[in-house]
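A.B. asks: only geometry, no sequence info:
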């Protein structure tokens, strides 16, 4: 059974650019959630996808968008990057929106 | 609005010195309370889910308990490898998000 994987591990972008982060869910999981974690803080919920449909969204602007594919892998897209977008981006997968979410190792995004 | 507050922010223990971490929460309808462990630069690792007041769960040196307003993570005879940040989160029946606290950074000295 493979765990949750994310790519890339690290990324450096310039303010105003766009970025795509990728997540591969744990085998058998059909729900994926994305989180933003600033240094020294707990993860903040961005949105969740269940069977390719958005299934809940946190307090993030529309320039944060996502996709879930038929194989349940997922993408997080962020447009018009701002300095405050610098953070660790985590995805977590679960089965049928069950309570137990399993996290990937994260992508560290730095915006300069 | 759902809120989660963890205390203390940081805790330093000697190896073998037992202690407890606190997670206070406010939620309209608790679907579940979760404890995670996070090592530096890594994603959170799932530890426990608690669903109702009075529930307890154990795993090795860790024991999690739940009341209607707070949860405790008890660490018995900790070892240096227990050093990590411990995160608490709640999920509300009314939405699908998981609200996290800022975490407690635990350091266990040999």
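C.D. replies: Yep, that arrived. Computed from a prediction, not measured in an experiment: that's the story for all the values here.

A.B. asks: count of residues packed around residue 85?
C.D. replies: This is for chain A. 19 (other CB atoms under 10 Å in any protein chain shown). Any C-beta I mention is one placed from the backbone N, CA and C, and that applies to glycine too.

A.B. asks: my question was about chain B, not that one.
C.D. replies: A total of 20 residues lie near residue B:85 under the criterion other CB under 10 Å.

A.B. asks: what strand or helix carries it?
C.D. replies: Using DSSP states H and E, residue B:85 maps to strand B:84-92.

A.B. asks: and that strand, does that touch chain A?
C.D. replies: Yes. Using CB under 8 Å from any CB of the partner chain, we find that strand B:84-92 touches chain A at B:87, B:89, B:91.

A.B. asks: what does chain A put close to chain B?
C.D. replies: Within reach of chain B by CB under 8 Å from any CB, chain A has these residues: A:4, A:33, A:35, A:40-45, A:48, A:55-56, A:58, A:90, A:92, A:97, A:99-106, A:108.

A.B. asks: of those residues, keep whichever come out buried.
C.D. replies: Buried by 16 or more other CB atoms under 10 Å in any protein chain shown: A:4, A:33, A:35, A:42-45, A:48, A:55-56, A:58, A:90, A:92, A:97, A:101-106, A:108, out of these.

A.B. asks: flag the shaky bits of chain A, pLDDT-wise.
C.D. replies: For chain A, the stretches flagged by pLDDT under 70 are A:1-2, A:97-98.

A.B. asks: where along it do the strands fall?
C.D. replies: A:5-7, A:10-13, A:19-24, A:31-37, A:44-50, A:53-57, A:64-68, A:74-78, A:87-94, A:102-103, A:107-111 (DSSP state E).

A.B. asks: same check, this time on chain B
C.D. replies: Listed in chain order, the strands of chain B (DSSP E) span B:3-7, B:10-14, B:19-26, B:30-38, B:45-50, B:56-59, B:62-66, B:70-75, B:84-92, B:98-100, B:104-109.

A.B. asks: contact partners of the second one?
C.D. replies: Around strand B:10-14, the neighbours that count as contacts under CB atoms under 8 Å, 6 or more residues apart in numbering or on different chains are B:19, B:21, B:75, B:78, B:104, B:105, B:106, B:107, B:108, B:109.
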